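*Asks:* task: produce atomic coordinates for the following.
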Amino acid sequence: MSHVPVNALFTPLGIAVLTVSDTRGFDEDGSGDLLVKHLNESGHILVERRIVPDDIYQVRAVVSGWIARTDIHAILVNGGTGFTARDTTPEALIPLFDKAIEGYGELFRHYSLKTIGTATIQSRAVAGVANRTMIFAMPGSPKACALAWDRIIALQLDARTRPCNFAAMVLPSATLCNGRHTTTSANDGVRL
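*Replies:* Numbering: from 1, shown residues only. Predicted structure coming up:
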């Protein structure tokens, strides 16, 4: 664990948002919209946004491509974390992790307990790090995405959060001073 100095500065991170859904397009993607709004309001940069069907290999392919990029420091995945046959987001992501962040799912379920009661047992929110990229998966409801972002992710992606956070782990030290990352894409199913 790396401790944060008292005078740490906010450093914007490049973030990608992936919605996993068989039924939503960009016009119906309230959860993706919420995550984009919150990350932008926090001062981070949306690098890419996509929607893919609930398919283990399509999810894994998109995330694999993103973790190979140097301009994406964190990936927010919403949807596909339940228990239906089509919910395979954890199965798609876990093999990609260099290290799992068990505390994320535990903390998400702890906070969810207050609003949805024991139904939180059905949440398979997972997180990990792969190739110095943070990956956070959460349920696809806007309330669940807001909870994950506001109570956990925003704090851990803020270089000022003490006593420690993930920002220093995903950014090269030179970037912690003044870096900003942007990119564009013309792929189908992509919105910037």
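*Asks:* now do the contacts for the residue nearest to the spatial centre of the chain.
*Replies:* Most central in the chain under CA atoms, centre = their mean is Leu76, positioned 2.1 Å from the mean C-alpha point. Neighbouring residues of Leu76 by CB atoms under 8 Å, 6 or more residues apart in numbering: 15-18, 35, 39, 136, 138, 145, 149, 153. (Glycine included, C-beta is placed from N, CA and C.)
*Asks:* how does it look with 10 Å?
*Replies:* 15-19, 31-32, 35-36, 38-39, 46, 49, 134-138, 145, 148-149, 153, 157 (CB atoms under 10 Å, 6 or more residues apart in numbering).
*Asks:* so it sits in a strand?
*Replies:* Yes. Looking at Leu76 with DSSP: H, G, I helix; E, B strand; the rest coil, it is inside a strand.
*Asks:* now Gly30: closest residue in space that isn't a chain neighbour?
*Replies:* Nearest residue to Gly30, sequence neighbours excluded (CB to CB, 6 or more residues apart in numbering): Pro142, at 4.8 Å.
*Asks:* got a list of what that neighbour touches?
*Replies:* Shown in contact with Pro142 (CB under 10 Å, 6+ apart): 29-35, 78.
*Asks:* which ones among the contacts of Leu76 lie within strands?
*Replies:* Residues of these located in strands (DSSP state E): 15-19, 46, 49, 134-138.
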